[in-house]
Structure formats: C-alpha cells, structure tokens
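**Student:** Kindly generate the corresponding structure for this input.
(one chain, ligands or ions: 2)
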Amino acid sequence: MESATPVIVAIDGPSGTGKSSTSKAVAAQLGLSYLDTGAQYRAITWWMVNNGIDIDDPSAIAAAAGKPEIVSGTDPQAPTIFVDGVDVAGPIRTQEVTSKVSAVSAVPEVRARITELQRSLAASAEHGIVVEGRDIGTTVLPDADLKIFLTASPEARAARRSGELKGADVHSTREALIKRDAADSSRKTSPLAKADDAVEVDTTDLTLAQVIECVVTLVEEKRAGK
Ligand SMILES: Nc1ncnc2c1ncn2[C@@H]1O[C@H](COP(=O)(O)OP(=O)(O)OP(=O)(O)O)[C@@H](O)[C@H]1O
Ligand SMILES: Nc1ccn([C@H]2C[C@H](O)[C@@H](COP(=O)(O)O)O2)c(=O)n1
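**Tutor:** Ligands and ions are numbered 1, 2, ... in the order given. Next up, the predicted model:
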C-alpha cells in the first residue's frame, strides 16, 4: 500500500491560545510527529539560569548559546525535552524560566541554534509533523504545507491559564501574558507574527475539541489537494 506524503503543519500564535493542546491532539489523531518549540526555548533558558549566565547581557547569552545539548522527543503521546541528558520537562515550566524566556529567545544566536534543530527534526519526520511556536510559519518552515495562526482574547487566555495554575489571579495572569506577547512580538529577529498565507482561527468561543476538529479538517483538506 502506498503511504501518504508527509505533511508539515505550522501552528503559531500568542501564549495560551491552545497551540500545544491542539497540536498534540492533531498530531496524535493523524499519526504525525509533534514539536513544541517553546519547550526548546524554555530549555535553553533553564540552562542559562542554571549556569549563571546574566540574562540581562545578550552578548553573554550569545556566547553560551552553542553550549547546551537540547534533545526533543517528538511523540505526541509522550513529548520529551532533555538538556545535556537531564529531563527538564518540569523545571522549564517554573515562573523563573517563564519570566526569562522572552529575553533569552530574543538573542539571534539562540534563535539560529534552535531554528537549526527545528528544521532538522521536521526534515526527519517520516510521516510529517506538527510544529508549534511563534515564528514557524514565517521563519522556521516557510514552505510548510499548512499554516495556522491561533488567537483568543486576553481574557479567555488568562482564564484558561489561571485554571491550569490552580486558581492563580486572573488579572495578574492576563497582565503577564500581555507582557510576554509584547516582548515576543517586538523583538527584531523572527518575532511572533502571522504568516501572510496562514489560516487564522479565533479560539475565544470554541472548545478545545472544536479547535482540534477544525485543524484536523484543514489538514485533511490540504492532503486531499483541496
Ligand atoms: N479552546 C479552548 N477552550 C478552553 N480551554 C482551552 C482551549 N484551548 C486550550 N485550552 C486550555 O488552555 C490552556 C493553555 O493551552 P495551551 O498550553 O495549549 O496553549 P499554548 O498556546 O500552547 O500556550 P503557551 O504558548 O503559553 O505554551 C490549557 O490548560 C488548555 O487545556
Ligand atoms: N517558536 C518560538 C517558540 C517560543 N518562543 C519563545 C517565546 C515564548 O514566550 C517562549 C515560551 O514559549 P511557550 O512555552 O509559552 O510556547 O519561547 C519563541 O521565541 N519562538
């Protein structure tokens, strides 16, 4: 039997729009690999913090950018992230890493390093891959078969995140999301942006199941050549 042509799907958008949940589910449903590029930027940030690199000094970050070995596992049922052989899936989600990741990921040498890893993983995905992040459609995989840009109101995103953080204050969560999005959108190198040819999906009033169904349909239509 002939196997389906590998399909490359890029899913971008601001924080809390549902990129990870949607991408994982779509990849699992369609038998594709899955890559969380935010986890890679968090992993390199975790390494910088743990190795005493001054996060306020872009030249120090640039000089260290090539040092850590970052390895991502791309099974959507059990994605993994290791730095120098250490499982950092938990530590990269701390408040400290979240507050520093935008500064580290703005450094061009960091982006060049991580982008190379991303392209290599996408190229080696046998059945195709769903890659989620901020600059996948614009910079990392500009020739992706399908580009999706997820959005949602800051209020919806803050409510989702507060629920996840067991009742964290919605107002401060909203402010923190807006601040991180502003930093990610205004950096010089490959900022958070919608690619011209991306399909925008506003998830504010959609359930996660509806968003997943919408994206699966878009991938299937693309595969069918519609
Ligand atoms: N359409 C939706 N309706 C309700 N909750 C949702 C929806 N989409 C995602 N969620 C929930 O919102 C939270 C954030 O989702 P997720 O982590 O997938 O977003 P993200 O865009 O990847 O965020 P980040 O970029 O910050 O990692 C999760 O708890 C998820 O279950
Ligand atoms: N393609 C990407 C993915 C992520 N980042 C940076 C900016 C985000 O604030 C941070 C963490 O991402 P998250 O785990 O919240 O998805 O990583 C980026 O610059 N480019």
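
**Student:** Grab the nearest non-local neighbour of the spatially most central residue of the chain.
**Tutor:** Centroid-nearest residue in the chain, with Cα atoms, centre = their mean: G133, separated by 2.7 Å. Spatially, and ignoring its direct neighbours in sequence, G133 is nearest to T37 (3.5 Å; Cβ to Cβ, 6 or more residues apart in numbering). The C-beta positions use only the backbone N, C-alpha and C, and glycine is treated the same way.

**Student:** the strands in this protein, which residues?
**Tutor:** Assigned by DSSP state E, the chain shows strands spanning 7-12, 33-36, 70-73, 80-83, 86-87, 128-133, 146-151, 199-202.

**Student:** about what we covered before: so what's the residue count around the residue nearest to G133?
**Tutor:** The local packing count at T37 equals 25, with neighbours defined by other Cβ atoms under 10 Å.

**Student:** residues making contact with stretch 33-42?
**Tutor:** 19-20, 23-24, 27-28, 70, 72, 74-76, 79, 81, 88-89, 92-93, 97-98, 101, 104-105, 110, 114, 117-118, 121-122, 125-134, 136, 140 (Cβ atoms under 8 Å, 6 or more residues apart in numbering).

**Student:** Might one say that T115 is in contact with V140?
**Tutor:** Yes. Counting by Cβ atoms under 8 Å, T115 touches V140, with 5.4 Å between them.

**Student:** The two: which is more packed in?
**Tutor:** Using other Cβ under 10 Å as the criterion, T115 and V140 rank with V140 on top: 24 against 20.

**Student:** Contacts only, for the residue lying closest to the more buried one once chain neighbours are set aside.
**Tutor:** Nearest non-adjacent residue to V140, counting by Cβ to Cβ, 6+ apart: Q118, 5.0 Å away. For Q118, the contact set (Cβ under 8 Å, 6+ apart) comprises L35, T37, Q40, V131, G133, I136, V140, L141.

**Student:** repeat for E126
**Tutor:** P6, S33.

**Student:** and it, how far is that from V86?
**Tutor:** Distance from E126 to V86, counting by Cβ to Cβ, to the nearest Å: 27 Å.

**Student:** anything in contact with each of T115 and V140?
**Tutor:** Joint contacts of T115 and V140 (Cβ under 8 Å, 6+ apart) are S190.

**Student:** Can you list the buried residues in stretch 218-226?
**Tutor:** L218, V219 (16 or more other Cβ atoms under 10 Å).
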